[in-house]
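Asks: One predicted model, sequence on top.
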2 protein chains.
Amino acid sequence: MESDGRIAIENVWPQLECGKFSAKAVVGDKFTVKADIFTHGTDLISANLKFRPQGSAVWESIPMQLEDNDRWSGRFEIPTTGFYEYTIEAWVDKFATQSRNIASWIMGGESIDADLKVAISMLKDIATRCGSKDSAFIRKKIAAIGRSDPADVPHLLNDPGLLSIVRQYGEKKDLTTFSPVMRVSVDRVKAGFSSWYEIFPRSQGNKPGVSGTFRDCEKKLDYISSMGFDVLYLTPIHPIGITERRGKNGARKAMPGDPGSPWAIGNSFGGHDAINPDLGTMDDFIHLINVAKKKGLEIAMDLAFQCSPDHPYVKDHPEWFYHRPDGTIRYAENPPKKYYDIYPLNFDSPEKENLWKELKRVILFWIEKGVKIFRVDNPHTKPLDFWKWILNEVKKDHDDVIFLAEAFTRPKLMYELSKIGFSMSYTYFTWRNYDFEIREYFSELSSPELKSHFRPMIFTNTPDILPPILQKAGRPAFMFRSVLAATLSPLWGIYSGFEICENQAVPGTEEYLNSEKYEIRNRNFDEPGNIRELITKLNAIRRSEKALQSIGNVQFHQSDNPNIIFYTRQSNDGKEALMVAVNLNPDQVHSATVRVPLSLVGADESKPYKVRDLLTGDLYVWNGEYNYVRLIPGERPAHILKVER
Amino acid sequence: MESDGRIAIENVWPQLECGKFSAKAVVGDKFTVKADIFTHGTDLISANLKFRPQGSAVWESIPMQLEDNDRWSGRFEIPTTGFYEYTIEAWVDKFATQSRNIASWIMGGESIDADLKVAISMLKDIATRCGSKDSAFIRKKIAAIGRSDPADVPHLLNDPGLLSIVRQYGEKKDLTTFSPVMRVSVDRVKAGFSSWYEIFPRSQGNKPGVSGTFRDCEKKLDYISSMGFDVLYLTPIHPIGITERRGKNGARKAMPGDPGSPWAIGNSFGGHDAINPDLGTMDDFIHLINVAKKKGLEIAMDLAFQCSPDHPYVKDHPEWFYHRPDGTIRYAENPPKKYYDIYPLNFDSPEKENLWKELKRVILFWIEKGVKIFRVDNPHTKPLDFWKWILNEVKKDHDDVIFLAEAFTRPKLMYELSKIGFSMSYTYFTWRNYDFEIREYFSELSSPELKSHFRPMIFTNTPDILPPILQKAGRPAFMFRSVLAATLSPLWGIYSGFEICENQAVPGTEEYLNSEKYEIRNRNFDEPGNIRELITKLNAIRRSEKALQSIGNVQFHQSDNPNIIFYTRQSNDGKEALMVAVNLNPDQVHSATVRVPLSLVGADESKPYKVRDLLTGDLYVWNGEYNYVRLIPGERPAHILKVER
């Protein structure tokens, strides 16, 4: 006759695929756990959220609170990186039930004698089990109850000190613990909040056609950090293949002097653990890391697990590649496309164990040099179990390492890469232009399941993506798209040239014309019309406003003009909120009446309140729910509004 | 180096609390299973839905289909009652991938030689492993491919016969099977589709104040079955307590001659396995069961696990009750209310094992007499683990037994009782009056999770619930409420007297005045104004229309007048659909423009279509999405519309 299952603990959140995957958090988060917890009949229950660092034998417990409709919640603060385990325990709280009954008898004008007797005997029983100080406290309370008027008994029974002792030493009837134990992966703060700037190191010199160096990169650090970015992401810095090298604009054949795509990794100078000599030496690279660090910039490195035909692996480990029936190594294909300059690695080869270990060695090699952030190229083309293994292997000893998944693929595969361990992920942002598209996508990303693990990295552009809106509408589009990107997620980034509104594309494509992927570009960042000031402002607001630093807390609100999107961001603790209104039309002035979620933003329903536009400093007096905004493309395309208290 | 987890099988539906609970189905259902299934890269995958009767060692497999966005579905037909197990397997389909690549090379004008070689070698390999007939088939196809124009190759590779052999004998690369195995509990059809009529047997006589008998009940069978009901639910038929018996309208003290509440079970004539001698003998009861059966009515019995102070258990097993500190047995309390005539059973008593076994014996006793449907009184006041145990014990040998949970309590507890094994459940229908209330509630019941296990039984009224709308609005309300009840779920019922629009309440309550719970009522069912004809019509439509026989397929559609609610019902196979429009206002004629989901109901977008009102037989010609309805309280309060094809 089984007797478990008397208390239901269900619909636990976060819980990913029955505990198969970990939720995510960053250090300092108050990590919230919710569950439906209930039992039959009318007895009251109590519940604890239990948690511990993985590997610890001892659970800490924090009382959970009943929210509504049998839904309970609790939260614990996470002090360090690494994995934490959590679960829930619940029990029938006989003492609380007895107290509640006594209060009800009093309300109904009935005698409390019988039930009070039971309650007192529970307390006496606890007094025999707890420490002498608590025991004395209980006896004092029992005496006070004995002297008191019946009407005061409920109040005395609900004494917080008494309840705390009862919680610790009282009988936990039908104690039920949820299984399986769940895990949360805790990263450092940058995994959840950072601002990225992407460069091709070779473009950082100033002689046309001559490769810039790491030393040249150092000269750009002040410029980049002055805009408020804190991560500097470098495209691959390794030697570049010569065989089948591509020419300008991706031409099938390179011309003499063409530098090739940095993603065609490896030549006689080495492979994934080598540095392209044109950029400098390993010491130069380490120097750059350290100088950048002093200026508040952390270097993020590209991890593209593929090879040029000249990569040392091709000679040393032909078994790690795919072979045609005739024995030759197969270049990358995505029928009907062929990529002659790239040999994909065969993660399934009979020698895969050595390959996987070698790739792990590569990551650890760069970690040892000081790199702690990796932007992973096309992870969706490599097996999920490979990533699960390698991320886990690396994080075992380096739980401060951050991996960004560059997976532009089907949504479920993107989300899966996050579940198996990637710290953050690129998104579809560049292809979401209209009101309804942005609402739908970012509402999805703010759904309970996704917000528990998927951290959206919003790049406005990448070397592969110059979206049509930027091509066609120019500077006004660059302005409002940067406001969206910087305020729809705590993770955002731009690819160099965005701030000077570079928008020349290969016609009919999203490719940059004269793409930096295939040639060296020297830019004049002081060109008139640049939007450096706006970007600097956005990063400053992001740093000062907690509301912009939380994952998944985007909520959309009513606007009566689809050209103006209106949303709020909220800090994790719910204490701070901002409103953002953006004119999505780069060509026309638009106005709208927007509906303010008053209590969420801390506005008073009954009287006018002041809202400050953090972009301009302007102050508006608003009143009630419905208020008016008017936004001018290229000039004042958006408001970021904070209620002044 | 782990290598599982290469193919993701996630978000499996139905799957309740990670497989802890079973989904539900009825015999003959095509049981649908869905999952997100995907892997990295661009290789194609295939998936099977696997199922077997619980206890069988052999799985049957059915191919799943890709729906959209990595979501797959499959369905198997369930031939018998009992438990079935199901799971999903998926693999990388190298042959399908090769075929797809070949087609893409052709589209891109590239050579297919290399990839066709690989495909042919896969086929040759399979030919060595399959039977000789299949092998010959493959060789014939290879020869045909050899002779064919390259442009025709994809067509030849996609030959269904070939694909079927490949599916059976081809390599299943990275084969992944979902765990845990899930279960579906399969009931007979009545558990998912039945129409109930509730009576107090003692009221079926015709002498005022004299108890009717089972023989009297038999005389009512024609009347009841002529309305189209197929389950006759009897309030408790056991001896009724004398001590603390309640009087008319629930008075604290009974007057001489008051028959008492049938839920105060047990006196010197016996308890839960005895029959109140006023109703007849056990033989009479069995006779009633058999006669009813011949008239298409199955008897449902009340199972109220509580005792009057005179129940034999009280003397024989005082240890099964709650005791006060002074040793007396505690009557039922729900502070500040006291129920002197009821002793609750203590399911936690040290002797609970004997109590649980005795209650199991009671159920098996009645099953042996021929009862296969039990309406369980207040299951939410007894422990969940008790129900889980007893339902499982009973179903082991009697998987045709149906249990209806009468749990009017918090929603999550109601749903939990369904998850642990109750076949069907009462709902909040009686308290859902307005458009938005009905939409919200029945949309919740049609949500993916609930529709997979929760079967809503819609009673229009019960001996405990005469809802205000019926009290106040009389006959027109009885009419439209019966249309709602009969069309919002395949399970509905009325409590006797509803059809003659009985609506006198104890003022300020939902209790019937002169409630049958405390006295014998003799009714004249031929009273003018009865709605027997409407009810008969509704039951006839329910029987003839598959669309009204499926669980959870209620969808609401736009109506521009909140007084008129508009929804569709759909058969499980999606092939049949009905539209229902109901005027929720019992006092006023209302009209509305409703929006027809054209493809769902099988209407043609491009030309007028005919809709038949199944209630009146009237034919309307409708056109496009938006159409007009006008509904008259008390006369034509609703349409049940079917598109004529």
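Replies: It's in.
Asks: which bits of the stretch 351-500 of chain A sit near chain B?
Replies: A:353, A:356, A:380-385, A:388-389, A:410-413, A:416, A:420 (CB under 8 Å from any CB of the partner chain). Backbone N, C-alpha and C define where each C-beta goes, glycine included.
Asks: Among those, which are located in strands?
Replies: If you go by DSSP state E, those have nothing in strands.
Asks: Could you tell me which of those residues count as buried?
Replies: Neighbour-count burial (16 or more other CB atoms under 10 Å in any protein chain shown) is assigned, among those, to A:356, A:380-385, A:388-389, A:411-413, A:416, A:420.
Asks: could those residues go into CSV alongside distance to residue A:33 and pLDDT?
Replies: As requested, those are arranged in CSV below (distance: CB to CB, whole Å; pLDDT from 0 to 100):
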residue, distance to residue A:33, pLDDT
A:356, 35, 98
A:380, 30, 97
A:381, 35, 96
A:382, 33, 97
A:383, 32, 97
A:384, 27, 97
A:385, 29, 96
A:388, 24, 96
A:389, 28, 96
A:411, 26, 97
A:412, 25, 97
A:413, 28, 98
A:416, 23, 98
A:420, 21, 96
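Asks: follow-up on the earlier one: which members of the residues of the stretch 351-500 of chain A next to chain B define the maximum pairwise distance?
Replies: The largest separation in those, counting by CB to CB, is between A:353 and A:411 at 31.8 Å.
Asks: Residues in contact with the helix or strand hosting residue A:469: which ones?
Replies: Using DSSP states H and E, residue A:469 sits in helix A:468-473. Residues outside helix A:468-473 that contact it (CB atoms under 8 Å, 6 or more residues apart in numbering or on different chains): A:433, A:460-461, A:477-478, A:481, A:501, A:503-505, A:510, A:586-587.
Asks: Skip ahead from it and say which helix or strand is next.
Replies: That would be, after helix A:468-473 and using DSSP H and E, helix A:475-488.
Asks: what about that next one, distance to the chain center?
Replies: Centroid separation for helix A:475-488 versus its chain: 19 Å, with CA atoms, centre = their mean, to the nearest Å.
Asks: Top of the contacts of helix A:468-473 by number of neighbours, please.
Replies: The most crowded member of the contacts of helix A:468-473, judged by other CB atoms under 10 Å in any protein chain shown, is residue A:478 (28 neighbours).
Asks: from what I can see it touches residue A:531, true?
Replies: Yes. Residue A:478 is in contact with residue A:531 according to CB atoms under 8 Å; the separation is 5.6 Å.
Asks: Identify the contacts common to the two.
Replies: Listed as contacting both residue A:478 and residue A:531 by CB under 8 Å, 6+ apart are residue A:501.
Asks: If we go by neighbour counts, what in whichever helix in chain A runs longest is buried?
Replies: In chain A, taking DSSP state H as the definition, the longest helix is helix A:352-369. By neighbour count on 16+ other CB under 10 Å, the buried set for helix A:352-369 is A:352, A:355, A:356, A:358, A:359, A:362, A:363, A:366, A:367.
Asks: Looking at those residues, spot the one nearest chain B.
Replies: Using CB to the nearest CB, residue A:356 comes nearest to chain B of these, at 6.4 Å.
Asks: From residue A:380, how far off is that closest one?
Replies: Between residue A:356 and residue A:380 the computed distance is 17 Å (CB to CB, to the nearest Å).
Asks: what's the answer for residue A:549, then?
Replies: According to CB to CB, residue A:549 and residue A:380 sit 28 Å apart.
Asks: who's in contact with the closest residue to residue A:130 other than its chain neighbours?
Replies: Closest residue in space to residue A:130, ignoring its immediate chain neighbours: residue A:169 at 4.4 Å, by CB to CB, 6 or more residues apart in numbering or on different chains. Applying CB under 8 Å, 6+ apart to residue A:169 gives the contacts A:126, A:129, A:130, A:134.
Asks: same deal with residue A:455?
Replies: So residue A:455 contacts A:24, A:191, A:192, A:418, A:423, A:424, A:425, A:489, A:491, A:551 (CB under 8 Å, 6+ apart).
Asks: which strands and helices sit next to the helix or strand that contains residue A:123?
Replies: Using DSSP H and E, residue A:123 maps to helix A:113-127. With contacts taken as 3 or more CB pairs under 8 Å, 6 or more residues apart in numbering or on different chains; DSSP states H and E, helix A:113-127 sits against helix A:94-107, helix A:132-147, helix A:160-169.
Asks: winner for burial among those helices?
Replies: Highest mean neighbour count of the helices and strands packed on helix A:113-127: helix A:94-107, a mean of 20 (counted as mean count of other CB atoms under 10 Å in any protein chain shown).
Asks: in the stretch 501-645 of chain A, what residue is nearest chain B?
Replies: Closest approach between the stretch 501-645 of chain A and chain B, counting by CB to the nearest CB: residue A:509, at 17.4 Å.
Asks: Can you tell me the SS state at that residue?
Replies: coil (DSSP: H, G, I helix; E, B strand; the rest coil).
Asks: Neighbours of it, how many?
Replies: 11.
Asks: And residue A:526, by the same measure?
Replies: Around residue A:526 there are 9 other residues, counting by other CB under 10 Å.
Asks: Give me the local confidence score for it.
Replies: If you check residue A:526, the pLDDT there is 95.
Asks: just residue A:568 next, same as before
Replies: For residue A:568, the predicted pLDDT is 98.
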